[in-house]
Structure formats: C-alpha cells, structure tokens
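>>> My questions concern the predicted model and sequence given below.
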Number of protein chains: 2
Amino acid sequence: MDQTTRIVRAFEDAGYQTTPSRRLMAELVAGSRGHFSAADLQDRARQRRAKVGRATVFRALELLTSLRVVERLDLPNRSHAYVLCDPDEHHHHLVCSRCGRSVDVADGELARLVDEIGRRNGYRIETHRLELFGICPLCAGAGTGAAVAADREGPA
Amino acid sequence: MDQTTRIVRAFEDAGYQTTPSRRLMAELVAGSRGHFSAADLQDRARQRRAKVGRATVFRALELLTSLRVVERLDLPNRSHAYVLCDPDEHHHHLVCSRCGRSVDVADGELARLVDEIGRRNGYRIETHRLELFGICPLCAGAGTGAAVAADREGPA
DNA sequence: AGGCAGATGATACCAGGTCTCATCTGCGAG
DNA sequence: CTCGCAGATGAGACCTGGTATCATCTGCCT
C-alpha cells in the first residue's frame, strides 16, 4: 500500500468521505519531499489543472493534522509548514534547513528529561515539543543547494 | 538595577537610541508576568494614555528578540507570544498553559541528546528548540484559573 | 435511484506582521 | 548650548496564513 492510499485510508477510517479533493490532497502530500505549506499544495494542484479552494486545502490539512498524518512545524524563520509523518508514535522532527526534508525522531530519553524538568520546577507538564534544524546528509554532500531544486514531488 | 533599566541598557549597549517609546516598551515588557503579544503591549500602552504605533511595538520586539532580551514562543494553540528571558545563556522555556508564566530551563543534558540524534541521522544540527507546556505551581494550587486574572502587570 | 449529511469553492474577514513615507527628535560634533 | 542629521516614529497600506459564512454540489447509505 503506497503512501497516497494510506492517507486516503486514514480519511475513510476516521469516517470522512472520500472526495476528489481529498484524494488529490493525499497525492500531493504523499508526493512531497520536504515540508510544504498550504499555498504549496494549492499551487501544485493548479499545476495539475485541478481547482481546489483555499479553504478546502486548509480543511484537509486540519483533518490530516488531527489524524496525525501530518504535523505542523514552526520554522526558525517564523513561517509554518506541514510535514508528512508517522501517526503511530509520539516523535519529534529533524528538519533540513536547506531542502526541508524531515525525519521523525523518537522521543527516547527526552521523556525522562522532560519529566525531570517538570519535577524540578513544580510544573505538571502537559506537552512538549522538540524541533531540530540542520543540514541533511544529501544537502551536505551536494554542496550549494543542489538538493533544493529536487525538493518538490517525486518518489521518496 | 531593575528589569526595566536592564532592558533600556540593552538598547543603549547595542547602540540604539533611547527614546520614550523604547523606554515605555522596556517598562511594559519588564512588567509582564507571563508571555505577551504585540497587541497586549500596545493595549497596555494605550491604557497609560501613551500612543505608540503598531509598527513601533513590532520594531521594539524585533530588536529585543535580536538582543535576546525576549524570545518568541509558538504556543500549542498556534498563536505566538513573547517572553522576557535571560540573554546570557542558551535555554528553553517551560510555559504555564494557564497563566502564561514562563521559566527558563537550562539546556543541560539536552545538548548531548541533540548531538546524538544528529549523529545517528547524519545531520549537521544547527539549532534546536524545546518548548514545554504545563501547569505552574501557582495555577495548580489556585484551582480554576485564579492565577489567570493576576496575569497582567505587577511585581514578579 | 433518491435524498441528505457532509463536502466544496468563493469570498469576506481576521490577526499578526511588514513596508513606506512624511515627519519628528536624540544626541554627538562643534 | 545649539544645530543637523541619522535614526526613530506613527499612520496607514499591504501581505500572508488562516477561519467563517453561505449557497451549491455530491458521495454514499438505504
């Protein structure tokens, strides 16, 4: 089962209708290399001569976020983006600041650390978020941003 | 030297002029309990019958951010806020999701963890950000949001 | 095959932030 | 002490990302 199907399935399993727009969103999200914004998706939809309303894109992203199929990132440059990720376990993101590719990172030892910080300060911790930014192996190898151009759409 | 003076001093040391608006911003920021937004500051300025342009507020916050006197938070509810914090060492924030009060948390063991994650994934990590959200001791004690009302202005 | 809950696109709106520009002022040189 | 100008300001236009409203359309269950 490929990524697109998995996403469509996620919609179905959660009781949402399968519509052309949603299928398209699923394809576009599945075909993204790095992170993407709502506007990216809409542009790419338009490139395929498909018309999707802005609201629909946001609605789809909202649903996918709630289904934990994508997650919203707050980038260091104060903009936002979404990334496709693993819905099954709590994790964080390691994001390439050049090409946007992101890998999921298990919480691991962090949980313990977070716990300890909470205890030391008397806070009851509810959630935490760790975001890591750096240069991915491909970009490091490629030198001056060669991987950037390859960012949009294509097999993972 | 009180907090306000410290902030004014930060402006001076960085070679910026000391103007009434900046002094006012310094006071308002220093007098904030939890986190605050640009709009909060402007409102509080207006309450004192001082007129500051929106742009000026943002400009001041931008400077203070670059001087690391304040930091920008991305709250879980997708809004933003600024918090006063320690300019002298790399740290993270533990933020009360009820009253917004924030304590600085030293990086500590996290650095090691981050390093390891980078190494394991072949990324050269440039920056990381950890944000913790929970209920602070005061709010936990006060029960239903009593501390919330006390949030704006007053001695730390 | 029919009906309706749920989905859609257009469009208006909102918040947070940036840009521009004409005016004003802190402050260092003299 | 005062003068001039770099730097700061406020007003307001604008931009981006996101939400709300609403009339219309359509997937899907019966």
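That came in fine, so what should we check first?
>>> make it CA atoms for all contacts and neighbour counts henceforth
Will do.
>>> Centre of the chain to the helix or strand harbouring A:Thr4, how far?
In the assignment (DSSP states H and E), A:Thr4 maps to helix A:3-13. How far helix A:3-13 lies from its chain's middle: 15 Å, per Cα atoms, centre = their mean, to the nearest Å.
>>> Against which helices or strands is it packed?
On a contact count with 3 or more Cα pairs under 8 Å, 6 or more residues apart in numbering or on different chains; DSSP states H and E, helix A:3-13 meets helix A:20-30.
>>> In chain A, where's the longest strand?
strand A:124-135 (DSSP state E).
>>> and that strand, how far from the chain's centre?
15 Å.
>>> following that strand, which helix or strand comes up?
Moving toward the C-terminus from strand A:124-135, the next helix or strand (DSSP H and E) is helix A:137-142.
>>> for DNA strand D, what are the nearby residues on chain A?
Applying Cα under 7 Å from any atom of the strand, we find that chain A lies next to DNA strand D at A:17-20, A:37-39, A:54-55, A:58-59, A:62, A:79-81.
>>> redo that, cut-off 10 Å
A:8, A:11-12, A:15-22, A:36-40, A:53-62, A:72-74, A:78-82 (Cα under 10 Å from any atom of the strand).
>>> what residues does the helix holding A:Thr4 touch?
A:17-18, A:22-23, A:26-27, A:29-30, A:64, A:67, A:69 (Cα atoms under 8 Å, 6 or more residues apart in numbering or on different chains).
>>> Most neighbours among the residues you listed, which one?
A:Val29 (25 neighbours; other Cα atoms under 10 Å in any protein chain shown).
>>> Can you tell me how far that residue is from A:Val105?
20 Å (Cα to Cα, to the nearest Å).
>>> Check A:Gly15 too.
29 Å.
>>> and these two? which has more neighbours close in?
A:Val105 (18 against 9).
>>> and DNA strand C, which of the residues of chain A next to DNA strand D reach it?
By Cα under 10 Å from any atom of the strand, the members of the residues of chain A next to DNA strand D lying near DNA strand C are A:11-12, A:15-22, A:53-60, A:78-79.
>>> Which of those fall in helices?
A:11-12, A:20-22, A:54-60 (DSSP state H).
>>> now, the most widely separated pair of these?
A:Glu12 and A:Arg54 (22.0 Å; Cα to Cα).
>>> which other residues reach the one helix or strand A:Ala45 maps to?
If you go by DSSP H and E, A:Ala45 is part of helix A:38-47. Contacts with helix A:38-47, where a contact means Cα under 8 Å, 6+ apart, come from A:24-25, A:28-29, A:51-54, A:57-58, A:61, A:81.
>>> Mind giving me the ChimeraX select for the ones next to DNA strand C among the residues of chain A next to DNA strand D, buried ones only?
Entered in ChimeraX, the line below selects the buried ones among those, by 16 or more other Cα atoms under 10 Å in any protein chain shown:
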select /A:11,21,22,57,58,60
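>>> Next, count neighbours for the spatially closest residue to A:His80 that is not a sequence neighbour.
Distances taken as Cα to Cα, 6 or more residues apart in numbering or on different chains place A:Asp74 nearest to A:His80, at 4.8 Å, with adjacent residues excluded. A:Asp74: 16 surrounding residues under other Cα under 10 Å.
>>> Double-check A:Asp74 against A:Val83; I have them as touching.
No - counting by Cα atoms under 8 Å, A:Asp74 does not reach A:Val83; the two are 10.8 Å apart.
>>> Kindly report the residues of chain A close to DNA strand C.
Within chain A, the positions lying close to DNA strand C (Cα under 10 Å from any atom of the strand) are A:11-12, A:14-25, A:42, A:45, A:50-60, A:63, A:77-79.
>>> Got phi/psi on A:Cys85?
phi -160, psi 180 (degrees, to the nearest 10).
>>> Who are the contact partners of the residue most central in space within chain A?
Relative to the mean C-alpha position of chain A, the nearest C-alpha, by Cα atoms, centre = their mean, is the one of A:Val83, at 1.0 Å. Residues in contact with A:Val83 (Cα under 8 Å, 6+ apart) are A:34-36, A:70-73, A:102.
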